[in-house]
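J.: predicted structure and sequence below. I'll ask about it afterward.
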Amino acid sequence: MGHALTAEQAAARTLFHVVDEHDHEAGGSTLLGFWIYLMSDCLIFAVLFACYGVLGGNYAAGPGPKDLFDLSLVAVNTSMLLLSSITYGFAMLASYRKQVAATQFWLAVTGLFGAAFLGIELYEFAHMIHVGATPQRSAFLSAFFTLVGTHGLHVTFGIVWLITLMVQIGKQGLNKANARRLACLSLFWHFLDVIWIGVFTFVYLMGMLR
Amino acid sequence: MSAHEHALADHRPDAGPNHGAEEPHGTLREYVIGFLLSVVLTAIPFWLVMGDVTWSKQTIAFVIMGFAAVQMVVHMVYFLHMTPRSEDGWTLTSLVFTLILVVITLAGSLWVMYHLDTNMMPQHEASQPL
């Protein structure tokens, strides 16, 4: 941070920290902190992906991906999550313009797409369990339900957070704290989309290729 | 972030790291480009697997993994607004660190377990790591 020093100070002593005062706004480090949380979440998914990669071929003479996965359903599911990503973007853009109603509208649309994604995923899970492909059936199915279920759980909590935020914005408007919360949820929501890219490629598409 | 904060930040350009004023800020153009790119990058892998493509399975697997990697970068840039400059570079630093750990975890697990499988489980239902 040498540029923050005057030439006089720099000449006087070697410094390893910033000497001049600068603002630490309330919540100024929240976004970086939240990003680091997301990185730790990324490691959870890395471990689950590794687990699936190792166990994904162990069917224990039970059903495999080709017997269970319906790719057209996964394609619809993927488009739900993609659409929710851009509608969240619209909510962010509306919030920059301080348009409360438009922000709330796009958040609601995002929530509905998220709920549709969850609904389709639960339908898929229910169908699999109905035909006997439960997590207990084989190592492949244990790993599958853990990985995809953890992602679904994240989406569930994302929707809970989204509803909470809509209530907060309804009560307090788009103040600084709510703008920060919106930005954090934006990171979370788009991050889940990135994880889903890994899931549909690694689990569903590659599963059908086996 | 409001225009007011921008104005504040502009008033003290030499005030050192300006905490809190670096919120990633997307534009409509960015979101639309990101969305269109990800639609294309999603549709092609699905078509490769669902359509009647005559390539070998291995080729298709490599191609769709490539598409996934590109799409992840697209999402990082256009939706998560990652730049090398955001938060004085700390977001990128932590991302790179995490990616190193992810690669070690994934590659290490698959590599070690593949060898364990081939050495210790010579049965008919041997695992087929991806």
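T.: Good, I have the coordinates.
J.: how far away is the residue nearest to the spatial centre of chain B from B:H25?
T.: For chain B, the residue nearest the mean C-alpha position is B:M72 (3.1 Å; CA atoms, centre = their mean). To B:H25, B:M72 is 21 Å away according to CB to CB, to the nearest Å. Where you see a C-beta, it was placed from the backbone N, CA and C, and this is true even at glycine.
J.: quick check, the residue nearest to the centre of chain B in contact with A:I195.
T.: No. At 9.3 Å, B:M72 does not count as touching A:I195 under the criterion of CB atoms under 8 Å.
J.: mind giving me the packing neighbours of the longest helix belonging to chain A?
T.: Looking across chain A with DSSP state H, the single longest helix is helix A:139-172. Where contact means 3 or more CB pairs under 8 Å, 6 or more residues apart in numbering or on different chains; DSSP states H and E, helix A:139-172 is packed against helix A:30-55, helix A:100-130, helix A:176-199.
J.: what would those look like in CSV with mean pLDDT and distance to chain B?
T.: CSV is the format used below for the helices and strands packed on helix A:139-172 (pLDDT from 0 to 100; distance: least, CB to the nearest CB, whole Å):
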stretch, mean pLDDT, distance to chain B
helix A:30-55, 94, 4
helix A:100-130, 96, 11
helix A:176-199, 95, 4
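J.: now, of the ones you listed, which is deepest in the fold?
T.: Per residue and on average, the most neighbours among the helices and strands packed on helix A:139-172 fall to helix A:176-199, with a mean of 21 (mean count of other CB atoms under 10 Å in any protein chain shown).
J.: so which elements touch that helix?
T.: Looks like helix A:176-199 contacts helix A:30-55, helix A:71-96, helix A:139-172, helix B:57-78 (3+ CB pairs under 8 Å, 6+ apart).
J.: most packed of those helices?
T.: helix A:71-96 (a mean of 21).
J.: show me the helices in chain B, by range?
T.: Using DSSP H, helices in chain B cover B:3-11, B:28-50, B:57-78, B:90-120.
J.: does the third one come close to chain A?
T.: Yes. Residues of helix B:57-78 contacting chain A under CB under 8 Å from any CB of the partner chain: B:K57, B:I60, B:A61, B:I64, B:M65, B:F67, B:A68, B:Q71, B:M72, B:H75, B:M76.
J.: so for the fourth one, what's the nearest residue that isn't a sequence neighbour?
T.: In this case it means B:I64. Of all residues not flanking B:I64 in the chain, B:P45 sits nearest, at 4.0 Å (CB to CB, 6 or more residues apart in numbering or on different chains).
J.: what do you get for the first one?
T.: The spatial neighbour of B:K57 that comes closest, neighbours along the chain excluded (CB to CB, 6+ apart), is A:L209 at 4.8 Å.
J.: can you give me the neighbour number for the one you found?
T.: 16 (other CB atoms under 10 Å in any protein chain shown).
J.: try A:L174
T.: A:L174, neighbours per other CB under 10 Å, totals 19.
J.: helix, strand or coil for it?
T.: coil (DSSP: H, G, I helix; E, B strand; the rest coil).
J.: just A:E25 next, same as before
T.: Going by three-state DSSP, the secondary structure assigned to A:E25 is coil.
J.: same question for A:Q136.
T.: coil.
J.: now it: how far from A:G57?
T.: 18 Å.
J.: who's more crowded, the two?
T.: Taking other CB under 10 Å, A:Q136 and A:G57 do not tie; A:G57 has more neighbours (20 against 9).
J.: what pLDDT does the more buried one get?
T.: Note for A:G57: predicted pLDDT of 87.
J.: check the one 10 residues further on too.
T.: Model confidence at A:D67, given as pLDDT, is 91.
J.: which residues of chain B score low on pLDDT?
T.: Confidence mapping of chain B against pLDDT under 70 gives the ranges B:1-24, B:120-130.
J.: domain assignment for it?
T.: B:24-82, B:85-130 (automatic domain parsing).
J.: for the residue in chain A positioned nearest to chain B, give its distance to B:M82.
T.: For chain A and chain B, the shortest gap (CB to the nearest CB) falls at A:G28, measuring 3.0 Å. Distance of A:G28 to B:M82, given as CB to CB: 19 Å.
J.: again with A:I120
T.: In terms of CB to CB, A:I120 sits 29 Å off from B:M82.
J.: repeat that for B:V73.
T.: For B:V73, the distance to B:M82 equals 9 Å [CB to CB].
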